[in-house]
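Chemist: Model the structure of this input:
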Amino acid sequence: MDTKAWLTLAAVFAVGLAIAAAVLLVRVFKARRLLLDSGIPLRDKALFWVAVVYTISPVDLIPDPVYLDDIGVLLLALRSLHAAAAAARPTKEPGAA
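Modeler: Below you'll find the predicted structure:
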């Protein structure tokens, strides 16, 4: 492959990461209301904030031009927060009003 093909591939990859990061940012802002829910354990709320701090910190597992580690950490924290919120919600009995 020539240089132009590699640059095109890198640009497509970078745009894909930017789109994933933007979608993830929207999900993070939507998750803010879950942090106020008293039924969610403090551990899950703290994990969320640790993930946010890791994302904005200059220390990374993978150098910053590649945001895969940041996206992965935030996705895990969001998944944990949403799972805790689902577990905290009371389940409705079928046929109950």
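Chemist: Would you mind listing the buried residues in the longest helix along the chain?
Modeler: Longest helix of the chain, by residue count under DSSP state H: helix 3-31. Across helix 3-31, burial judged by 16 or more other Cβ atoms under 10 Å covers 17, 24, 28, 31. Quick note: C-beta positions are derived from backbone N, CA and C, even for glycine.
Chemist: and what of stretch 54-66?
Modeler: Buried residues in stretch 54-66, counted by 16+ other Cβ under 10 Å: 54, 55.
Chemist: repeat for stretch 67-85
Modeler: 67, 70, 71, 73, 74, 77, 78, 80, 81, 82, 84, 85.
Chemist: as a whole number, average confidence for that stretch?
Modeler: The average pLDDT for stretch 67-85 rounds to 84.
Chemist: Touching it from outside, list them.
Modeler: For stretch 67-85, contacts defined as Cβ atoms under 8 Å, 6 or more residues apart in numbering pick out 17, 20-21, 24, 27-28, 31, 34-35, 37, 39-41, 44-45, 47-48, 50-52, 54-55, 60-62.
Chemist: Name the SS class of residue 59, please.
Modeler: At residue 59 the chain is in coil, as set by DSSP: H, G, I helix; E, B strand; the rest coil.
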